[in-house]
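Chemist: Give me coordinates for this.
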Amino acid sequence: MNDRAMPDLPHVLHDLQPIVADHGAQPAGVVWRLDEVGRQLDANVLNLPAGRTIDTHTEPDLDVLLLILAGSGSLTTGAGNLDLVPGELVWLPVGSTRSLTAGLHGLAYVTVHRRRPGMQIRSPAGPTNA
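Modeler: Numbering: from 1, shown residues only. Presented below is the predicted three-dimensional model:
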């Protein structure tokens, strides 16, 4: 039976070992994305090549967890810099400002946060009851 047919059962989503073992050979950006039907979370595995930066930004809506898988890097926050190494789990609270820079060997990491609602088109007056 296909695991996708029963999303309410625990199952293995993806083997991250190849990404961790050779993250330098992975493309830049998202290399895996959680796409399970009915999920309440969003999760991504990202690869940031050596020396590359994710510019300073503020997350206005969600807390985010960052799990460092491979490589190293630096997280710049309003409180200063944090050096990042594999195994570290970092909480980025809602409203926090941060930037991320990969170290000499790049950086592979997981982000997890509450699922963002999909885009919706609504009339300016809002929904109506017909």
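
Chemist: just the strands in the protein please.
Modeler: According to DSSP state E, the chain carries its strands in the segments 29-33, 41-48, 53-58, 64-77, 80-84, 89-92, 97-114.

Chemist: And the average pLDDT for the fifth one is what?
Modeler: Pointing back at strand 80-84 there. In this model, strand 80-84 has an average pLDDT of 96.

Chemist: who does it pair up with?
Modeler: strand 64-77 (antiparallel) (DSSP bridges).

Chemist: tell me which residues in the partner strand are buried?
Modeler: 64, 66-73, 75 (16 or more other C-beta atoms under 10 Å). Heads up, the C-betas are built off the backbone N, CA and C, glycines and all.

Chemist: quick one on the thing from earlier: with distance to His11 as added columns, please give the strands of the chain in CSV.
Modeler: Output for the strands of the chain, formatted as CSV (distance: least, C-beta to C-beta, whole Å):
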stretch, distance to His11
strand 29-33, 15
strand 41-48, 14
strand 53-58, 31
strand 64-77, 20
strand 80-84, 30
strand 89-92, 23
strand 97-114, 17
